[in-house]
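Q: no sequence on this one, just coordinates:
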Ligand SMILES: O=P(O)(O)OC[C@H]1O[C@H](OP(=O)(O)OP(=O)(O)O)[C@H](O)[C@@H]1O
Ligand SMILES: Nc1ncnc2[nH]cnc12
């Protein structure tokens with residue numbers, strides 16, 4: 001069944017000047033609260049990478065976890081968390097990155113993905129692409145291949161797709 005994009009975008013709320021002046025924040029909490037629309041997004045993302053032989057789905061703290069974990073289960077793939085600095089208990093690989101409203105540090109467990117495994121990265125939003133490209137570098141350091149990137153919302157005017165180094169990217173609702 002085709003995703004009803006208009007119904008999904010009607011459940012995304014614009015919050016002006018959050019978390020800082022000049023940013024229009026895309027709030028997905030109304031979408032998450034609608035099980036039909038949320039489920040349709042999960043299904044659409046999983047279906048988009050159906051033939052990609054994905055071993056692991058990587059999700060990014062915090063909002064990315066909400067989307068990536070159900071996508072992983074639906075695809076029959078394992079889930080791997082990428083977390084903000086200092087949250088993971090085991091040995092980590094680390095990347096500093098910039099995003100629309102600041103800089104941050106992301107970490108992944110050094111043994112979370114086996115060399116050669118095929119990885120799908122799932123997040124809620126693609127904005128500048130800083131987060132997605134940092135995660136791609138982390139996965140690459142573990143010797144895995146990033147075969148796709150999927151998200152609910154793409155802020156096209158911030159150009160994030162161009163930072164994905166040709167990794168096939170799918171977004172469900174795009175703001176050009
Ligand atoms: O393409 P970018 O410019 O990197 O922005 C996209 C990222 O920004 C948001 O995360 P944020 O760091 O705000 O964290 P949160 O999920 O904890 O709210 C969003 O969930 C993406 O991960
Ligand atoms: N404008 C925005 N809204 C929601 N999440 C974001 N992550 C980066 N930019 C964002």
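A: Yep, that arrived. Just so you know, these numbers come straight off a predicted model, no measurement behind them. Residues are numbered from 1 along each chain as shown. Ligands and ions are numbered 1, 2, ... in the order given.

Q: would you tell me which strand is longest in this protein?
A: Determined from DSSP state E, the single longest strand within the chain is strand 145-155.

Q: near ligand 2, which residues of this protein are found?
A: With Cβ under 6 Å from any ligand atom as the criterion, the chain meets ligand 2 at residues 23-26, 99-100, 125, 127, 155. Backbone N, C-alpha and C define where each C-beta goes, glycine included.

Q: pull out the buried residues from the residues you listed.
A: 25-26, 99-100, 125, 127, 155 (16 or more other Cβ atoms under 10 Å).

Q: indicate each strand paired with the longest strand of the chain and its parallel or antiparallel sense.
A: strand 118-126 (parallel), strand 169-175 (parallel) (DSSP bridges).

Q: what's the most buried one of those?
A: Burial of those is given as mean neighbour count (mean count of other Cβ atoms under 10 Å); strand 118-126 ranks first at a mean of 26.

Q: circling back: next, give me the two most distant ones among the buried ones among the residues of the chain next to ligand 2.
A: Farthest apart among these by Cβ to Cβ are 26 and 99. That separation is 13.3 Å.
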